[in-house]
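Undergrad: Requesting a structural model of the entry that follows:
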Amino acid sequence: MFKKRINYKVPRNLLVLFELLALFLIFIYDKDNFDKYTFGSGIALIFMIYISSFILLRISTGDNYIFLIATMLISIGIIMIYRIDPALGMKQVIWIGMGIFLFFISYFIVKKIKGWKDWTLLYGGVSIALFVITLLFGTRTKGSLNWINIGRFRFQPTEIIKILLIFLIASYYTNYEKYKEKRFGSYYLIGIVYLFIGFLFVQKDLGTVLIFYSIFLALQFIYEEDRKLILYNVLFFLVSGVAGYFMFSHVRVRFETWINPWKYIDNKGYQITQSLFAIATGGFFGTGIGLGHPDFIPEVHTDFIFSAICEEMGIFTGIGVIMLFLILVYRGFKIAINQDDKFFKIVALGISILFGIQSFIILGGVLKMIPLTGITIPFVSYGGSSMLSSFIALGILQVASEDLDLGEEKYEQGT
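TA: Numbers count the residues shown, from 1 in each chain. Okay, here's the model as predicted:
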């Protein structure tokens, strides 16, 4: 029994070894500032993650991997954030603690409350209210009106609306037959989603528009019986993209710097070119923690943390981050396929698409595959709103994984 508890092959034990190694590397890098508070917060984070995974094995019969994948991404991210700015690293530990707490809260709430599939209007109404509040009281950041300040705390309402959108689509298609019988019933969902997108255009938050459209089109492609509507929405998506280019100057800037950043290397192309330099400098194995220059990249702890990871931890670590997201999305799709309840099947698909498309958009941006959008990498980038909403979504996905027959894939719990 004792041997099983300390077996390094048990995933959560392997994760603890990785985190202890990370704490040791931070100590080597920053001996002068590595005080008892830093050590205590690091040990507290490791203990919190281990105990949380241990508790989850006791209370959930669902997927045993998605939480561990998320905490692995968190571990890589916080190493880099602390190395960039120790103060931000300490704050990120607090956000992670709050996120894990919300993971369990959302898990219990969604699991215990019944009737989620019947509240279509509620999801739409709350989302519209959050949009209106943002327009009335929001503050503008990087050209987008998407933050609300409450004292020293600030958050993005769109992080919550993403989850509400998934619930809205799931509720609509779960009750699809009922809506089809009504006049213009097939257009109810389209009207609400386009209203959301209209709000986002007014806020100039086009990165979130791309996420909303991707979730909506993917789920509509799977569940919509009127195939013409899918074609119309794809065409409208293309028209919206062109309109956004001509309507907003910051979109044109990002498109121009995507096409040829070297032409604008001294000003608007500086950020993406420094990102490419950092990735190239790191090579396969990286320069080592503290031996690179990620501080050359503006907003490196949020938008460009992947570039910093590749510079100091190597392209192999960057590939590892991408693989972790691929596995997370795969597990989410597997949960959806095996879920009998239609509502939670759609919710699992939506959350998996959310994690997948959000990570692709920002990773593609820093690698110059697509234009930059200014969104964060789930679980990796610094930020409170993103971290909390990602954990809430993960808790909901955990509920959707309940009652699955994982068979031999369920790893040895070691307890």
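Undergrad: Please look at residue 269 and residue 255 and confirm they touch.
TA: No. Checked against CB atoms under 8 Å, the pair residue 269 and residue 255 is beyond contact range at 11.8 Å. C-beta here means a position set from N, CA and C on the backbone, and glycine is covered the same way.
Undergrad: Which of the two has more residues huddled nearby?
TA: Using other CB atoms under 10 Å as the criterion, residue 269 and residue 255 rank with residue 269 on top: 19 against 14.
Undergrad: for stretch 333-341, which positions count as buried?
TA: Under the neighbour-count criterion of 16 or more other CB atoms under 10 Å, stretch 333-341 has 334, 335, 336, 338, 339, 341 buried.
Undergrad: By mean pLDDT, flag the weakest helix or strand of the chain.
TA: None of the helices or strands of the chain scores lower by mean pLDDT, DSSP states H and E than helix 2-5, at a mean of 44.
Undergrad: State the mean pLDDT of the longest helix along the chain.
TA: Counting by DSSP state H, the longest helix found in the chain is helix 86-112. For helix 86-112, mean pLDDT is 90.
Undergrad: what's the answer for stretch 159-167, then?
TA: Per-residue scores along stretch 159-167 average to 94.
Undergrad: coming back round to it: for the longest helix of the chain, packing partners?
TA: Under the contact criterion of 3 or more CB pairs under 8 Å, 6 or more residues apart in numbering; DSSP states H and E, helix 86-112 touches helix 36-59, helix 66-84, helix 384-400.
Undergrad: hmm, who's touching the first one?
TA: Helix 36-59 has contacts (CB atoms under 8 Å, 6 or more residues apart in numbering) with 12, 15-16, 19-20, 23, 26-27, 30, 64, 67-68, 71, 74-75, 78, 82, 86, 90, 93, 96-97, 100, 103-104, 398, 413, 415.
Undergrad: Give me the angle between it and helix 66-84.
TA: Orientation of helix 36-59 against helix 66-84 (axes from the mean of the first three to the mean of the last three CA atoms, to 10 degrees) gives an angle of 170 degrees.
Undergrad: heads up, I number from 793, so please use that
TA: All right, first residue 793 from here; so that's helix 828-851.
Undergrad: Show me which positions of helix 828-851 end up buried.
TA: 830, 833, 834, 837, 838, 840, 841, 842, 844, 845, 848, 849.
Undergrad: Closest to residue 911 out of the residues you listed?
TA: residue 848 (26.8 Å; CB to CB).
Undergrad: in the strand or helix carrying residue 986, what's buried?
TA: If you go by DSSP states H and E, residue 986 is part of helix 980-995. By neighbour count on 16+ other CB under 10 Å, the buried set for helix 980-995 is 981, 982, 984, 985, 986, 988, 989, 991, 992, 993, 995.
Undergrad: Apart from its chain neighbours, what residue comes closest to residue 811?
TA: residue 838 (4.6 Å; CB to CB, 6 or more residues apart in numbering).
Undergrad: one step back: can you add distance to residue 931 and give the helices and strands packed on helix 878-904 back as JSON lines?
TA: JSON lines is the format used below for these (distance: least, CB to CB, whole Å):
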{"stretch": "helix 828-851", "distance to residue 931": "30"}
{"stretch": "helix 858-876", "distance to residue 931": "23"}
{"stretch": "helix 1176-1192", "distance to residue 931": "13"}
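Undergrad: weakest of those helices by average pLDDT?
TA: Mean pLDDT is lowest for helix 828-851 out of the helices and strands packed on helix 878-904, coming in at a mean of 82.
Undergrad: That one vs helix 878-904, what angle?
TA: Interaxial angle, helix 828-851 versus helix 878-904 (the same axes, to 10 degrees): 20 degrees.
Undergrad: ok now helix 828-851, how far from the chain's centre?
TA: In this view, helix 828-851 has its centroid 21 Å away from the chain centroid, taken as CA atoms, centre = their mean, to the nearest Å.
Undergrad: Same question for stretch 967-983.
TA: Its chain's average C-alpha position is 30 Å from that of stretch 967-983, according to CA atoms, centre = their mean.
Undergrad: Other residues contacting it?
TA: In contact with stretch 967-983 (CB under 8 Å, 6+ apart) are residues 909, 910, 912, 960, 961, 964, 1012, 1015, 1017, 1018, 1021, 1025.
Undergrad: try it again with 7 Å
TA: Residues outside stretch 967-983 that contact it (CB atoms under 7 Å, 6 or more residues apart in numbering) are 909, 912, 961, 964, 1015, 1018, 1021.
Undergrad: just curious, which of those is nearest to residue 1137?
TA: The closest of the contacts of stretch 967-983, once distances to residue 1137 are taken by CB to CB, is residue 1015, at 9.7 Å.
Undergrad: The residue lying closest to that closest one once chain neighbours are set aside: neighbour count?
TA: Computed as CB to CB, 6+ apart, the closest residue to residue 1015 that is not its neighbour in sequence is residue 965, at 4.3 Å. When neighbours are counted by other CB under 10 Å, residue 965 registers 22.
Undergrad: In what element of secondary structure is residue 965 found?
TA: With DSSP H and E as the test, residue 965 turns up in helix 949-966.
Undergrad: Which elements pack onto that helix?
TA: Counting contacts by 3 or more CB pairs under 7 Å, 6 or more residues apart in numbering; DSSP states H and E, helix 949-966 is packed against helix 912-929, helix 980-995, helix 998-1015, helix 1134-1158, helix 1176-1192.
Undergrad: buried stuff in it?
TA: Under 16+ other CB under 10 Å, the buried positions of helix 949-966 are 949-966.
Undergrad: Let's see it as PDB, backbone CA atoms only.
TA: Extracted C-alpha coordinates of helix 949-966, given in PDB (Å, rounded to 0.1, in the frame of the first residue of the first chain):
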ATOM      1  CA  PRO A 949     -17.400  39.600 -18.300                       C
ATOM      2  CA  THR A 950     -16.800  37.900 -21.700                       C
ATOM      3  CA  GLU A 951     -15.000  35.100 -19.800                       C
ATOM      4  CA  ILE A 952     -18.300  34.200 -18.200                       C
ATOM      5  CA  ILE A 953     -20.300  34.800 -21.300                       C
ATOM      6  CA  LYS A 954     -18.300  32.200 -23.200                       C
ATOM      7  CA  ILE A 955     -19.600  29.500 -20.800                       C
ATOM      8  CA  LEU A 956     -23.100  30.900 -20.900                       C
ATOM      9  CA  LEU A 957     -22.900  30.800 -24.700                       C
ATOM     10  CA  ILE A 958     -22.100  27.100 -24.600                       C
ATOM     11  CA  PHE A 959     -25.000  26.500 -22.100                       C
ATOM     12  CA  LEU A 960     -27.300  28.500 -24.400                       C
ATOM     13  CA  ILE A 961     -26.400  26.500 -27.500                       C
ATOM     14  CA  ALA A 962     -26.700  23.200 -25.600                       C
ATOM     15  CA  SER A 963     -30.100  24.100 -24.100                       C
ATOM     16  CA  TYR A 964     -31.400  25.200 -27.600                       C
ATOM     17  CA  TYR A 965     -30.300  22.000 -29.400                       C
ATOM     18  CA  THR A 966     -31.500  19.800 -26.500                       C
END
